[in-house]
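>>> What follows is a predicted protein model with its sequence.
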Amino acid sequence: MHLAALLFASALSVGTLALDNGVMRTPPMGWLAWERFRCDINCENDPKNCISENLFIDMADRLAEDGWRELGYVYVNIDDCWSSMERDAKGRLQADPKRFPGGIHKLARYMHDRGLKLGIYGDMGTHTCGGYPGTTLDKIQIDAQTFADWEVDMFKFDGCYSNATEQEKGYPLMSKALNATGRPIGYSCSWPAYQGGLPPKVNYTLLGQICNLWRNYGDIQDSWDSVLNIVDWFFENQDVLIPAAGPGRWNDPDMLVVGDFGLSMDQSRSQMALWAIMAAPLFMSNDLRTISSGARTILQNKMAISINQDPMGIQGRRIVKEKTGIEVFWRPLLKNASALVFFSRRNDMPYRYQTNLGKLNYTFGSYKIFDVFTDKTMTLKDTTDFVVSVNPTGVVMWYVSAPAKRNLRQKFRQTILQNKHWTVETDKGSLRKNK
């Protein structure tokens, strides 16, 4: 298949360096407060929507009762603005007593009783981005132990009000401190986002050693422009980002905003499909109490989720970029299967895109196709031309099964896939470096 051996070798080359806490072997899934609810602490005027334990209990109930948990959406993540403005007498962070009267430990128990997990937020600077107490270098050990004592399952470590030198020390120190607690806590680092997201300032091999996931780029907003901006950055830099990702270590393009206000249904399908291709964490930031049936159907699409959660954990790539505004993305999956996404950047009308699997670097054979968003199936040979109609800012997403077994005559037919640095000889099962 298209560059499969190359990408798999790249993934293996750093796979042994992944953070060894046993969690997040596939991209984590759940719900995160920030984009939809931000730092709303006005609980007197809007008690149902403020950052308080009631909001997180409501979302936990929806995840547990509306079919989300069974699909893998298990994390309920608190973001900024949850804490008191002062640490307690022992120097520990503490939740705002008015908004979280039961405390974070009680909230974690509520999640665990429902088969869910609790995530929490901190910042390695003097203050969080919202102005609450930060975790400076001297507070890392006590804060890590506090989160473990509260039975927290995930920790996001932001980087506001800190500098590059402090970040270089603080992010690895927090990883070590979390591991030292003995509790498996998924660790999300914002470090690369504060260093421009790319080498040489960002060392992705080191990130894979200390973090389970990391924010590479800026915050997502509830708009198509924001989603497209993130997609462009990730795929323009795919050759740097793909080798960094794998089981237990993930590039994080930020939250799913499907079900909010800024995306159409076609754009919502596009975000879901492209996040699945990227092997991205699937953290929704929406209101699960009022989400539309259309948005729910997209977010609960079992095939899109299974592609995202593929155990090989190889991040997909853009393989075609046409002048017509059509782009094609590809991701290798377990058992020699793959996923294809045909994406339209156009804004005018549906576009009929013609190609065949051979042109997309699929080898000789007959393939069974499953359309992820229509549930239609068909069979295509590698040489058979087909047309996909892609709506403006929309996608067509396919799950492509492994090719049917070839006969003995076909077995010895070689297919050579050329890459800048490597040649894959698929019939020989070998990978050799070009001179």
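Okay, I see it.
>>> what helix or strand is residue 119 on?
Assigned by DSSP states H and E, residue 119 belongs to strand 117-123.
>>> Compute the distance from the centre of that strand to the centre of its chain.
16 Å (CA atoms, centre = their mean, to the nearest Å).
>>> Quickly run through the sheet partners of that strand, with directions.
Next to strand 117-123 in the sheet, as set by DSSP bridges, lie strand 75-77 (parallel), strand 154-158 (parallel).
>>> of these, which approaches residue 393 most closely?
Distance to residue 393, taken as CB to CB, is lowest for strand 75-77 among those, at 28.1 Å. In short, each C-beta sits where N, CA and C put it, glycine included.
>>> Next SSE downstream of that closest one?
Using DSSP H and E, the first helix or strand after strand 75-77 is helix 103-113.
>>> Go through that following helix and flag the buried ones.
104, 107-108, 110-111 (16 or more other CB atoms under 10 Å).
>>> Show me what that helix is packed up against.
helix 53-65, strand 117-123 (3 or more CB pairs under 8 Å, 6 or more residues apart in numbering; DSSP states H and E).
>>> what about the longest helix in this structure?
helix 164-180 (DSSP state H).
>>> now that one, how far from the centre of its chain.
Computed by CA atoms, centre = their mean, the separation of helix 164-180 from the middle of its chain amounts to 22 Å.
>>> Please save the CA atoms from it in CSV.
Provided in CSV are the C-alpha atoms of helix 164-180 (Å, rounded to 0.1, in the frame of the first residue of the first chain):
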residue,chain,number,x,y,z
ALA,A,164,11.5,29.0,27.2
THR,A,165,14.0,28.1,29.8
GLU,A,166,11.3,27.3,32.4
GLN,A,167,9.4,25.3,29.8
GLU,A,168,12.5,23.3,29.0
LYS,A,169,12.9,22.3,32.6
GLY,A,170,9.2,22.2,33.7
TYR,A,171,7.6,19.9,31.1
PRO,A,172,10.0,17.0,31.6
LEU,A,173,9.9,17.5,35.4
MET,A,174,6.2,17.3,35.5
SER,A,175,6.3,14.1,33.5
LYS,A,176,8.7,12.6,36.0
ALA,A,177,6.6,13.8,38.9
LEU,A,178,3.4,12.4,37.5
ASN,A,179,5.0,9.0,37.0
ALA,A,180,6.5,9.1,40.5
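>>> can you give me the helices for the stretch 201-350 of the chain?
In the stretch 201-350 of the chain, the segments counted as helices under DSSP state H, counting those that start in this stretch are 204-210, 224-236, 238-241, 265-277, 293-299, 302-308.
>>> Buried by neighbour count: which residues of stretch 376-395 qualify?
By 16+ other CB under 10 Å, the buried positions in stretch 376-395 come out as 380-382, 388, 390-395.
>>> Revised request: answer the last question for stretch 252-271.
252-260, 262-263, 266-271.
>>> now do stretch 25-43
Using 16+ other CB under 10 Å as the test for burial, stretch 25-43 gives 26-37, 39-41, 43.
>>> Give me the neighbour count for the closest residue to residue 96 other than its chain neighbours.
Once flanking residues are discounted, residue 96 sits nearest to residue 84: 5.1 Å by CB to CB, 6 or more residues apart in numbering. Applying other CB atoms under 10 Å, we find 16 residues neighbouring residue 84.
>>> ok, residue 84 to residue 41 distance?
11 Å (CB to CB, to the nearest Å).
>>> With residue 314 instead?
41 Å.
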